[in-house]
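Asks: Take a look and give me a structure for this.
(chains A and B)
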Amino acid sequence: MIEFLKVTKEYDNGTLALDEVDVKIENGEFVFLVGSSGAGKTTMTKLLMREENVTSGAIYLYGEDITKISQKEIPYLRRKMGVVFQDFRLLDDRTVFENVEFAMRIVGATRREIRRRVPVVLNMVGLNYKAKMRPSELSGGEQQRVALARALVNNPSLLIADEPTGNLNPKVAMEIMDIFENINKMGTTIIMATHAKEIVDAMKKRVIEIEDGKIVRDEVGGGYHVKPVEV
Amino acid sequence: MLSLSKFKYSLSQAKKNMIRNGLMSIASLFTTTCCLLIIGLFAVITINLNFITGQIKDQCEVQLYIAEDASDERVSQIGDEILALSNVKEISFYTKEELFEYAKNDVFDGREELMESYTEEDNPFSDSYRITLNDIAYSEQTVAELEQIADVTHVENNQDATGMVLTASNTVQKFSVIIMIILLIASVVIISNTVRLTVFNRRKEINIMKYIGATDRFIRTPFIFEGIMIGFFGALISFGLISWGYISLYDVFVQSEFSGAFDLVTYLNLAPVLGVLFIVCGCLIGIVGSSISMRKYLNV
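Replies: Okay, the predicted model is just below:
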């Protein structure tokens, strides 16, 4: 379970990104974080990864207050989660297989474990047949699948995605979302910051809307509507 | 501790990175080699100066002359008194006849006319001890003690010139050590800048590694291995070049007129010292240089 308790984040330049946010996310949930640019969605994901730390408040991840962990413990925290970005963040000079393998190397997996696990994950995202290709030879959708495979390869219980479909056309974006949904069905908690209205509306998941650093809506099975829909 | 699989992975990454960033690796290698060459040059000078100084110290001798009327028994006693002094290493006795012969045949060889006015009966020399000292630094004190011995007419001390040579050599040695330290620091700075460029080129990779849970050590290790490898290869190249240069110079020295005055350290004696120095310095430059350049990019 993930719990934000009165979390406030103020950046050094004085920007108040989150203002006393309280939110609870149960294991296995699929949550969309929506809101206009600068509302605080990305800050929430950054706090979860401890790329940033809170100004005040606490964040509990599986019972541990991650705002209190030391700099040395951060890598171990990040191993509990998979991360997917809008710009894929793949290594261009390595093959698809090597990009995915890379995440397993970090946790000290053996060659045998890598040879067994990487093809399975590549198969899950439908890229087994492109294992030897380089990211530059793949389409945007395929690159995002590689990034997803890399995020999944160590079996994380939490997947954080920051605008994962931002660079993709709607058809490819929906394909990627199907993969996310399948992963979620296997029990992985997914937290996704997004602007993709069509996707949020179509998937009917829990939606947390943030505005000026505050949660203004938390609705299960809700739609996107960032600006209030007034009839 | 780094696990075996991580160690192997870091090593293979370091090799791959060196090849991928070929030009940068060559630039680092070239810089390391140049720095080590200069450090090596000063090391060779220091080691040889030390060796030559040792030889000069070994030749540290004074001559003591005994009064004409001293009996044989007294001469022998004087020998014992000299040996009792702490700075005396060894002594050898020369009769006045031996000294006369030596002067005639060796010192004034070819200019015999200068000795014509002297005969064995009119021998200007007296019985004498040649004394080898342990430490030239205390020669004046020892000479004073020798002059206190009864029946000693005078003591000849030619250490002033030797002392000057030794002082000069000590100064040069100290200067060389300072230059070597400065060069070592300069090399670390140059290498760290070169590695910093490599790291800057690979900041995206480092950033990704951080996001997927790599520890700082995991990220740093391949860069450090890379630094060690570049340092090691730089050490090998500079060792080869210095060795070649030294062997050639040594041959020239052996055939020169200086070879009679003093010896240089032979290559076989120099090589192990130089080898260890180069490898330690090379690896040190690599490790410190890489570590310094990594720091900035690990804060994600």
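Asks: In contact with residue 157, which residues?
Replies: Assuming you mean chain A. Residues in contact with A:S157 (Cβ atoms under 8 Å, 6 or more residues apart in numbering or on different chains) are A:N27, A:Y62, A:K80, A:M81, A:G187, A:T188, A:T189. From N, CA and C alone the C-beta is placed, and that goes for glycine too.
Asks: That was the other one, I meant chain B.
Replies: By Cβ under 8 Å, 6+ apart, B:N157 lies in contact with B:V62, B:S139, B:E140, B:V143.
Asks: Now rank these by neighbours and give me the top one.
Replies: Among the contacts of B:N157, B:S139 has the most neighbours (other Cβ atoms under 10 Å in any protein chain shown), with 22 neighbours.
Asks: Show me the contact partners of the strand or helix carrying it.
Replies: With elements taken from DSSP states H and E, the one containing B:S139 is helix B:139-147. By Cβ under 8 Å, 6+ apart, the list of residues contacting helix B:139-147 from outside reads B:60, B:62, B:64, B:82, B:85, B:87-88, B:131, B:133, B:152, B:154-155, B:157, B:159, B:163.
Asks: Would you map out the domains in chain A?
Replies: With domains defined by automatic domain parsing, chain A comprises A:1-43+A:52-80+A:157-225, A:90-156.
Asks: Can you get me the start-to-end distance on the first one?
Replies: Right, the one you point to is domain A:1-43+A:52-80+A:157-225. 27 Å (Cα to Cα, to the nearest Å).
Asks: avg pLDDT for it?
Replies: Mean pLDDT, domain A:1-43+A:52-80+A:157-225: 91.
Asks: Quick check on A:L127: phi, psi?
Replies: Per-residue torsions, A:L127: phi -130, psi 20 (degrees, to the nearest 10).
Asks: what's the closest non-adjacent residue to B:S291?
Replies: Counting by Cβ to Cβ, 6 or more residues apart in numbering or on different chains, B:I224 is the residue found nearest to B:S291 once chain neighbours are left out, at 6.6 Å.
Asks: quick one: that neighbour is in a helix?
Replies: Yes - under DSSP: H, G, I helix; E, B strand; the rest coil, B:I224 falls within a helix.
Asks: Please give me every residue in contact with it.
Replies: Counting by Cβ under 8 Å, 6+ apart, B:I224 has contacts B:G286, B:I287, B:S290, B:S291.
Asks: And the residue in chain B that chain A sits nearest to, what's its pLDDT?
Replies: Nearest residue of chain B to chain A (Cβ to the nearest Cβ) works out as B:G213 at 3.7 Å. Note on B:G213: pLDDT of 88.
Asks: Give me the three-state assignment for it.
Replies: Recorded secondary structure, B:G213: coil (three-state DSSP).
Asks: do B:E113 as well
Replies: Quick answer, by three-state DSSP: B:E113 is helix.
Asks: What is the neighbour count of it?
Replies: 8.
Asks: measure it to B:E121 for me?
Replies: Note on B:E113: its distance to B:E121, by Cβ to Cβ, to the nearest Å, is 19 Å.
Asks: do the same with A:I215
Replies: As judged by Cβ to Cβ, A:I215 and B:E121 stand 125 Å apart.
Asks: same deal with A:F97?
Replies: 105 Å.
Asks: need the strands for the chain, in chain order.
Replies: You didn't say which chain, so I picked chain A. A:2-10, A:16-25, A:30-34, A:56-61, A:64-65, A:81-85, A:158-162, A:189-193, A:206-211, A:214-219 (DSSP state E).
Asks: my question was about chain B
Replies: Using DSSP E, strands in chain B cover B:61-66, B:88-94, B:128-133, B:152-157.
Asks: so can I have a markdown table of the ones you listed showing mean pLDDT?
Replies: Below are these laid out as a markdown table (pLDDT from 0 to 100):
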| stretch | mean pLDDT |
| --- | --- |
| strand B:61-66 | 86 |
| strand B:88-94 | 87 |
| strand B:128-133 | 87 |
| strand B:152-157 | 84 |
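Asks: In TSV, list the ones you listed along with distance to A:Q86.
Replies: Shown next, in TSV, are these (distance: least, Cβ to Cβ, whole Å):
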stretch	distance to A:Q86
strand B:61-66	86
strand B:88-94	83
strand B:128-133	83
strand B:152-157	87
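Asks: that older thread, would you mind telling me which of the strands of chain A is nearest chain B?
Replies: Per Cβ to the nearest Cβ, nearest to chain B of the strands of chain A: strand A:81-85, 5.3 Å.
Asks: That closest one near chain B at all?
Replies: Yes - in terms of Cβ under 8 Å from any Cβ of the partner chain, part of strand A:81-85 sits within range of chain B, namely A:V83.
Asks: Pull up the pairing partners for that strand, direction included.
Replies: strand A:158-162 (parallel) (DSSP bridges).
Asks: How far does the strand it pairs with sit from its chain's centre?
Replies: Distance of strand A:158-162 from the chain centroid (Cα atoms, centre = their mean, to the nearest Å) equals 1 Å.
Asks: for the helix or strand bottoming out on mean pLDDT in chain B, packing partners?
Replies: Across the helices and strands of chain B, mean confidence by mean pLDDT, DSSP states H and E is lowest for helix B:159-201: a mean of 77. On a contact count with 3 or more Cβ pairs under 8 Å, 6 or more residues apart in numbering or on different chains; DSSP states H and E, helix B:159-201 meets helix B:22-58, helix B:139-147, helix B:216-254, helix B:267-294.
Asks: Redo these as a markdown table? Include mean pLDDT.
Replies: What follows is the helices and strands packed on helix B:159-201, written out as a markdown table (pLDDT from 0 to 100):
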| stretch | mean pLDDT |
| --- | --- |
| helix B:22-58 | 83 |
| helix B:139-147 | 85 |
| helix B:216-254 | 89 |
| helix B:267-294 | 85 |
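Asks: Which positions within the biggest helix by length in chain A qualify as buried?
Replies: Looking across chain A with DSSP state H, the single longest helix is helix A:170-185. Residues of helix A:170-185 classed as buried: A:V172, A:A173, A:M174, A:E175, A:I176, A:M177, A:I179, A:F180, A:I183, A:N184 (neighbour count, 16 or more other Cβ atoms under 10 Å in any protein chain shown).
Asks: Return the closest of the residues you listed with respect to B:L277.
Replies: B:L277 lies nearest to A:I183 out of the buried residues of helix A:170-185, by Cβ to Cβ, at 57.1 Å.
Asks: isn't the closest one right up against A:T189?
Replies: No - the pair A:I183 / A:T189 is not scored as a contact, 9.9 Å apart, by Cβ atoms under 8 Å.
Asks: anything in contact with each of the two?
Replies: With Cβ under 8 Å, 6+ apart, A:I183 and A:T189 have common neighbours A:L159.
Asks: Near residue 24, how many other residues are there?
Replies: As the question left the chain open, I've gone with chain A. When neighbours are defined as other Cβ under 10 Å, A:K24 has 12 of them.
Asks: Chain B, not that one
Replies: Neighbour count of B:M24, defined by other Cβ under 10 Å: 20.
Asks: Look up how far B:R202 lies from it.
Replies: 10 Å.
Asks: How about the residues of chain A by chain B?
Replies: A:49, A:51, A:72, A:75-79, A:83, A:89-91, A:93, A:102-103, A:105-111, A:150-151, A:154.
Asks: From the residues you listed, which land in helices?
Replies: Among the residues of chain A next to chain B, the residues falling in helices (DSSP H) are A:M49, A:P75, A:Y76, A:L77, A:R78, A:F102, A:A103, A:R105, A:I106, A:R111, A:R150, A:A151.
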